[in-house]
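K.L.:
Take this sequence and fold it.
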Amino acid sequence: MNNLNWITWVFAGLILYPCLAPSQTITQEEFLNHLTKHHPLFEKEKLTSQIQKEEQNSYLGTEDWNVVTSLNYSHEEPLIAIAGPEKIDAITASGGIERIFWKTGGRFSASVTSSRADIKLDPLFNFPSSFYQNQVSLSYSHPLMRNRKGFLDRLQYQLKQFDIDFSEIQAKENMEDFLKAAGGKFLDWVFLSEQRKISVDRLRLSEEELDRIKRKREVNLVDQADVIRAEDVVRTWNQNLVLIESQWNALQAELSELSRNSDLINAGPAFNLYGLVPRIPMEDAIAQLKDQSRILKVLNIRLQQLEYVEKGITETAKADLSLITQFNIKKLDEGLAKSLGLEKPDALIGLQYTFPVKNRTAKHQLEKTYLQITQLKTQREEISIALTSALTNVCIQIRELENVLNLNLKQIESAKERTKEELNLYNQGRGDLTFVILSRDNEENAKLTYAVNALTYHKLNLEYNALMDQIYP
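P.N.:
As a prediction, this is how the structure comes out:
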């Protein structure tokens, strides 16, 4: 065995070893499932809605009971004290609770106030120099027009629910886009595996052809030029395999790191590149897309949110008519103990009415919201058309590619027949080696074209699944 032949076989062995090395395989579904469980993007996207929920829950604080306390000391010396005290020193302590009720829109407060006052008076006045006063107060206001049943109190909390729904759908869309890109890389890996297989077969045939030509040269059946041509072909396909193998290994390492799966570095892809995928009729797919598309659902959520904002603005534009009730009971006495015996009640019940004269703020906000709703409806129609047209495009391409793949199979069979005839002519001494080499290259190119079209077909199916929101259900 001469040096060139020995180097060729060693080099081919080094190339073929990685091709046969993977002892396990991984399917596209297994790869994407592993990616979903271990890539941080999915945890990050899920946290988005949780953050929104916590922000929504923060609005619940407006319905909490609030405790209000105060302690005051005051000193007063009137400028002219003809018929009044010369000075007053007072200490007042108060404590109370208050709350907003979301279900009714009412405001309730209760407080207890205790004070002690020291008064310096002219001796001619017969009035105690110090006294204590205690008082309990209750008040409640109930809206009859604006904020009836607490609509405005709950408004921000309920509007936030639309943001939560939006973020959940948007997170799923982001995760699906990520899986679509990763699925595309997996298909590239599958294609490189097939391209490598085709190239290995081509190299094997070239080496076998080189051996036959060398044997013929030894008995002077062919010229030395044919040997050189055959050796060039072997070198060319060795170079091609080095390039394909480097791309295959690089993509394998990338997918292993992307999915955080160290086992993948010793595995190969398991995927039927030439298998066809069944689908529902295009008309049914378009109907399903319009009904279930996440993007359209997101726009519907924003539309519902704007309609709810419109209700809120309409509510704020109403006049404020509220029922007001108050009740106080108190007592003032020189002694602290006696001042605790509350006995002097006060009560009040009435209506309070407030209305804006022109209400220009609410009017313009309503007009702005109406325009936004109209714009969003138009945008929804625009995106619906874009989605259905994109789906139509993909469905037609997939259908036509299925026909092309059938033609590719016929082209491969034709190329094989031509190679067989050219080889027979050459072996009979009636042909040229160049035609045999060209015919084998045409056969390899037909197989490669078949693989490229199959890759395109499955990437279109991936695009179809993304449009139908089926990659991340």
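K.L.:
all contacts plus neighbour counts: C-alpha atoms, from now on.
P.N.:
Noted.
K.L.:
In this protein, where is pLDDT below threshold?
P.N.:
The chain contains residues with pLDDT under 70 at 1-23, 79-84, 120-128, 332, 335-340.
K.L.:
what's the domain layout of it?
P.N.:
3-55+156-304+373-467, 65-147+320-357 (automatic domain parsing).
K.L.:
And the residue nearest the centre of the chain?
P.N.:
Nearest to the mean C-alpha position of the chain, by CA atoms, centre = their mean, lies Ala171 at 1.9 Å.
K.L.:
Make sure it is actually in contact with Leu41.
P.N.:
No. Between Ala171 and Leu41 there is no contact under CA atoms under 8 Å: 9.7 Å.
K.L.:
now for the helix or strand hosting Tyr464, which elements pack on it?
P.N.:
Using DSSP states H and E, Tyr464 falls within helix 433-467. Here helix 433-467 touches helix 151-218, helix 224-259, helix 360-427, going by 3 or more CA pairs under 8 Å, 6 or more residues apart in numbering; DSSP states H and E.
K.L.:
Report the distance from the very next helix or strand once past the shortest one to the chain centre.
P.N.:
Going back to what we said before, that points to helix 224-259. Helices and strands here follow DSSP H and E; after helix 224-259, the next one along the chain is strand 267-270. The chain centroid and the centroid of strand 267-270 are separated by 29 Å, computed with CA atoms, centre = their mean, to the nearest Å.
K.L.:
List the contacts of strand 267-270.
P.N.:
Here strand 267-270 makes contact (CA atoms under 8 Å, 6 or more residues apart in numbering) with 22-28, 186, 189-190, 193.
K.L.:
packing partners for the helix or strand following it?
P.N.:
Sequence-wise, the next helix or strand downstream of strand 267-270 (DSSP H and E) is helix 282-292. With contacts defined as 3+ CA pairs under 8 Å, 6+ apart, helix 282-292 has these neighbours: helix 360-427.
K.L.:
can you do 10 Å?
P.N.:
Here helix 282-292 touches helix 294-316, helix 360-427, helix 433-467, going by 3 or more CA pairs under 10 Å, 6 or more residues apart in numbering; DSSP states H and E.
K.L.:
Just name the most buried of these.
P.N.:
helix 433-467 (a mean of 20; mean count of other CA atoms under 10 Å).
K.L.:
For that one, what is the distance to the chain centroid?
P.N.:
Averaging C-alpha positions (CA atoms, centre = their mean) puts helix 433-467 35 Å from its chain's average.
K.L.:
Please apply the same query to stretch 30-43.
P.N.:
Chain-centre distance of stretch 30-43: 14 Å, with CA atoms, centre = their mean.
K.L.:
For it, buried residues please.
P.N.:
Residues 31-32, 35-36, 41-42 are the ones in stretch 30-43 that count as buried (16 or more other CA atoms under 10 Å).
K.L.:
go on, stretch 217-235?
P.N.:
217, 222, 226-227, 229-231, 233-235.
K.L.:
Need the max-distance pair from those residues.
P.N.:
Val222 and Arg235 (20.3 Å; CA to CA).
K.L.:
tell me which element Ile88 is part of?
P.N.:
Assessed by DSSP H and E, Ile88 sits inside strand 87-100.
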